[in-house]
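Colleague: From the sequence below, what's the structure:
(2 chains)
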Amino acid sequence: MPDPSPPPLVRVIAATKDYPLGHRTVQALRGVTVEIAGGAFVVMQGPSGSGKTTLLNLIGCIDHPTTGSVMVAGEDVGTLADASLSRFRARKLGFVFQNFNLIPVLTAAENIEYPLRLNGVSVTEARARALEMLDSLGLGAEAHQRPAELSGGQCQRVAVGRALVTHPALVIADEPTANLDSTTGAKIIELMREMRDRLGTTFVISTHDPQVAALAERRLLMRDGLLTDT
Amino acid sequence: MTAWSLAFRNVWRNARRSVSTMLAIALSCAGLMLFGGYITWAHLAAEVHAVVLSGHLQIFKAGYQAKGSGNPAAYALTGYDEIKKMLLGDPVIGPRIDLITGRLVVSGIVTSAEQQTTATFAGMGAFPGEIERIIYWNPYGLTEARHIPANRHLFAREPELDASDPDGITIGEGLARVLGVNGSARPSLELTALPPSGGLPNMVSGTVRQTSIRAMEELDNHLVVMPIEMASGLLFPGEPLHVTSVQLLLKSTEDLPLVEQRIDELAREHHLEWEHRDCWELNPNHARSLSMVNMFFAFAFCIVAVVLVFTIYNTMMMGIVERTREIGAMRAMGVTRAGIVTMFVQEGIVLGLLGGCAGIVAGLVTAWAVNHSMILYTPPYFNVQAKLEVACLHSPMIVTGSFLSSFCVAVIGALFPARRASRLEIAEALRH
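Modeller: Numbers count the residues shown, from 1 in each chain, chains lettered A, B, ... in the order given. I've put the predicted structure just below:
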């Protein structure tokens, strides 16, 4: 008998998301169903307001669907209490944000150490792993610089390192190149692909940038809260 | 990188705001220390003054407090020497006693034949030498009114009574003025009192050694201090020594409850008709003044606490608004709500510790400056000037209590914003 195909890393089933806006309700998602396999490099595209970030937030377990369900790494995240969900995110997920969102009072190395410390890794080991990650990102010399002393591209590389240092199953990147010039943006996407190849991490990236979309293995197109092409 | 180093760095992220917050904490801590030091001084000064007026404890014949003022002679104690011997020989009371002395209260009319003036007097017979030890009792080293230059002319330069001067008396400055003898050298006065047994009034003569001021104005206008033998002779001519009360000066005020309890036991064992009053019962205004001062302190503490809570709250809330997206990112990375609360509370702790330490230094420096400057004022019920002092170092509780109070208030002030930060929705915070 042939091996059954492995279960998808992410499974979103008939997810809707409503937001109150004044006296009316806005439907950001109108029943999205999608599966993402482990190790995939997925790019999500669509115009502003199409629901990309909302879907990313659901997949990243930082928001709950109004109806439907979201399963990540075999866990129905809707059933987890807030503290359990936080621990789940710390173990299984990494995030890369459009504005980097590095902690400004920490150095590049300390920013990368931070999620390791959240996972209970000792100070010494966290420091060693952070420096190793910075070396692999080509930022060994900037380990003790604070975000304000780094360029946008360097900050985003640190953010990628921070997302990957815990070896998460899934990295969510919301417009990671939006604040970077096209060359730096391309380098960041290349870096993510390289990390995916090396570590097997699944990447789900939202973007408006056709250059980034061109590098995707799979594209999800969104419009008016619905997936129009998977 | 530890949570504490992150908290420390976050505190210095906006140095100007943090320094102003720490200044608020430091000022609160220093203010509490100084007010606490002043209250402590007020307590010590009230204790010293109450003891100076009446000793730690007085033993009377039973019923004196209720009826004796109408007939003090009928409630006088005899056998003073035996009472003194019994108390000094008692294993509980004896070792705790600094001085036992007797006093006899007598009132009547004082006349200056030379000036042809008359006034009523409130007399106190005391043992020469012993009265001085009570008047100048000062175990806490407080600045005495007689050592303040502005008061110096008001105080006698010699002892009020002298065993080698059996006719010598001291009268209040106000009484000397009323009798018109305040400019005379050793004027002679006649003291007249009615004996308790009735009949003709008794009269004795005394020469005024000096005039002396008493802290309380009413006393100053009527007081005559005379040797106890003279007072006893005025009320009980030809009889053995009588005393209105036996006055105890203890080595420590803390021993008062124990000594009072033992006196009750002795009275029961020996069937003695005694009653006793301590210095607070004999000077109820002192205790009332202190309870009022304590209320002031509690009121001031509440105001300081409320202001400090709002200051910390405001600082933290501004920080939270500025760091909303960062909080969202941290929560997305896996920091729990409790972790966010802990982070902000740790920042409150850092602010409280630094502000509290600065407050202790500021409080001690200000206390030193106040104690070394001659700030004078006239306390209630007094007619002499007192020096403003703050006894911050009298008890470690003042410094530690002020520090802990301001520190705890700072942490409480950080709790509300911390809780609010922890309840931010992650997706909303990231959109901020």
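
Colleague: all contacts plus neighbour counts: C-alpha atoms, from now on.
Modeller: OK.

Colleague: Leaving out chain neighbours, which residue sits closest to whichever residue of the stretch 1-150 of chain B sits closest to chain A?
Modeller: As assessed by CA to the nearest CA, chain A sits closest to B:R9 within the stretch 1-150 of chain B, at 6.1 Å. Sequence neighbours aside, A:V105 is the residue nearest to B:R9 in space, at 6.1 Å (criterion: CA to CA, 6 or more residues apart in numbering or on different chains).

Colleague: my guess is that neighbour contacts B:N14, does it?
Modeller: No - A:V105 is beyond contact range of B:N14, at 10.8 Å (criterion: CA atoms under 8 Å).

Colleague: more neighbours, those two?
Modeller: Ranked by neighbour count (other CA atoms under 10 Å in any protein chain shown), A:V105 and B:N14 place A:V105 first, with 20 against 12.

Colleague: which stretches of chain A form strands?
Modeller: Assigned strands in chain A, in chain order: A:10-21, A:24-36, A:41-45, A:67-72, A:75-76, A:93-96, A:170-174, A:202-206, A:218-223, A:226-229 (criterion: DSSP state E).

Colleague: Any chance of JSON lines for these, columns distance to chain B, mean pLDDT and mean neighbour count?
Modeller: Formatted as JSON lines, these follow (distance: least, CA to the nearest CA, whole Å; pLDDT from 0 to 100; neighbours: other CA atoms under 10 Å in any protein chain shown):
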{"stretch": "strand A:10-21", "distance to chain B": "11", "mean pLDDT": "92", "mean neighbour count": "18"}
{"stretch": "strand A:24-36", "distance to chain B": "13", "mean pLDDT": "92", "mean neighbour count": "17"}
{"stretch": "strand A:41-45", "distance to chain B": "18", "mean pLDDT": "92", "mean neighbour count": "24"}
{"stretch": "strand A:67-72", "distance to chain B": "15", "mean pLDDT": "94", "mean neighbour count": "20"}
{"stretch": "strand A:75-76", "distance to chain B": "16", "mean pLDDT": "90", "mean neighbour count": "14"}
{"stretch": "strand A:93-96", "distance to chain B": "7", "mean pLDDT": "94", "mean neighbour count": "28"}
{"stretch": "strand A:170-174", "distance to chain B": "10", "mean pLDDT": "93", "mean neighbour count": "25"}
{"stretch": "strand A:202-206", "distance to chain B": "15", "mean pLDDT": "93", "mean neighbour count": "26"}
{"stretch": "strand A:218-223", "distance to chain B": "19", "mean pLDDT": "91", "mean neighbour count": "19"}
{"stretch": "strand A:226-229", "distance to chain B": "20", "mean pLDDT": "82", "mean neighbour count": "16"}
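
Colleague: Name the residues of the stretch 1-150 of chain B found near chain A, please.
Modeller: B:1-2, B:6, B:9-10, B:13 (CA under 8 Å from any CA of the partner chain).

Colleague: Now with 10 Å, please.
Modeller: B:1-3, B:5-13 (CA under 10 Å from any CA of the partner chain).

Colleague: possible to save these as a markdown table with pLDDT and secondary structure?
Modeller: Below are these laid out as a markdown table (pLDDT from 0 to 100; DSSP: H, G, I helix; E, B strand; the rest coil):
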| residue | pLDDT | secondary structure |
| --- | --- | --- |
| B:M1 | 63 | coil |
| B:T2 | 74 | coil |
| B:A3 | 80 | helix |
| B:S5 | 89 | helix |
| B:L6 | 89 | helix |
| B:A7 | 91 | helix |
| B:F8 | 91 | helix |
| B:R9 | 92 | helix |
| B:N10 | 92 | helix |
| B:V11 | 91 | helix |
| B:W12 | 91 | helix |
| B:R13 | 88 | helix |
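
Colleague: will you turn those into TSV that also has neighbour count?
Modeller: Below are the residues of the stretch 1-150 of chain B next to chain A laid out as TSV (neighbours: other CA atoms under 10 Å in any protein chain shown):
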residue	neighbour count
B:M1	17
B:T2	11
B:A3	15
B:S5	15
B:L6	17
B:A7	22
B:F8	18
B:R9	17
B:N10	22
B:V11	22
B:W12	15
B:R13	14
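
Colleague: can you pull the contacts of the nearest residue to B:A305 once chain neighbours are set aside?
Modeller: Distances taken as CA to CA, 6+ apart place B:V409 nearest to B:A305, at 6.1 Å, with adjacent residues excluded. B:V409 sits next to B:25, B:28, B:304-310, B:312, B:348, B:352, B:403, B:415 when contact means CA atoms under 10 Å, 6 or more residues apart in numbering or on different chains.

Colleague: so which strand or helix has B:V409?
Modeller: Counting by DSSP states H and E, the element that carries B:V409 is helix B:396-422.

Colleague: any idea of the mean pLDDT for that helix?
Modeller: Taken as a whole, helix B:396-422 has a mean pLDDT of 91.

Colleague: what about the very next helix or strand once past that helix, distance to the chain center?
Modeller: Heading C-terminal from helix B:396-422, the first helix or strand you meet, by DSSP H and E, is helix B:426-431. Computed by CA atoms, centre = their mean, to the nearest Å, the chain-centroid distance of helix B:426-431 equals 59 Å.

Colleague: So is helix B:426-431 next to chain A?
Modeller: Yes - shown here: helix B:426-431 in contact with chain A (CA under 10 Å from any CA) through B:426-428, B:430.

Colleague: Could you check how far the residue most central in space within chain A is from B:H286?
Modeller: Residue closest to the mean C-alpha point of chain A, counted by CA atoms, centre = their mean, is A:I172 at 1.1 Å. Counting by CA to CA, to the nearest Å, the separation of A:I172 from B:H286 is 73 Å.

Colleague: give the contact list for B:A74.
Modeller: Shown in contact with B:A74 (CA under 10 Å, 6+ apart): B:61, B:64, B:67-68, B:195-197, B:244.

Colleague: re earlier: out of the contacts of B:V409, list just those in helices.
Modeller: Among the contacts of B:V409, the residues falling in helices (DSSP state H) are B:25, B:28, B:304-310, B:312, B:348, B:352, B:403, B:415.

Colleague: Where does pLDDT dip in the chain?
Modeller: As the question left the chain open, I've gone with chain A. Applying pLDDT under 70 to chain A flags residues A:1-5, A:229-230.

Colleague: um, chain B though
Modeller: For chain B, the stretches with pLDDT under 70 are B:1, B:69, B:153-157, B:215-216, B:380-383.

Colleague: okay, now the domains of it?
Modeller: In terms of domains, chain B is parsed into B:3-47+B:287-431, B:63-272 (source: automatic domain parsing).

Colleague: distance between the first one and the chain's centre?
Modeller: Relative to the chain's own centre, domain B:3-47+B:287-431 is displaced by 27 Å; criterion: CA atoms, centre = their mean.

Colleague: cool, and the longest one?
Modeller: A distance of 23 Å separates the centroid of the chain from that of domain B:63-272, by CA atoms, centre = their mean.

Colleague: For A:E217, which non-adjacent residue is spatially closest?
Modeller: Excluding the flanking residues, the one nearest A:E217 by CA to CA, 6+ apart is A:F41, at 5.6 Å.

Colleague: how close does the one you found get to B:I39?
Modeller: Separation of A:F41 from B:I39 (CA to CA): 72 Å.

Colleague: What segments of the stretch 1-150 of chain B are strands?
Modeller: Along the stretch 1-150 of chain B, the stretches classed as strands by DSSP state E, counting those that start in this stretch are B:57-61, B:97-112, B:117-126.

Colleague: Contacts only, for the nearest residue to A:T177 once chain neighbours are set aside.
Modeller: Leaving aside its chain neighbours, A:T177 sits nearest to A:G185 (4.7 Å; criterion: CA to CA, 6+ apart). When contacts are counted by CA under 10 Å, 6+ apart, A:G185 is found next to A:152-153, A:156, A:176-179, A:191, A:209, A:211-212.

Colleague: I'd say B:G334 and A:R87 touch.
Modeller: Yes - counting by CA atoms under 10 Å, B:G334 sits close enough to A:R87 to count as a contact (5.6 Å).

Colleague: Tell me the residue of chain B that sits nearest chain A?
Modeller: When distances are taken as CA to the nearest CA, chain B reaches nearest to chain A at B:G334, 4.2 Å away.
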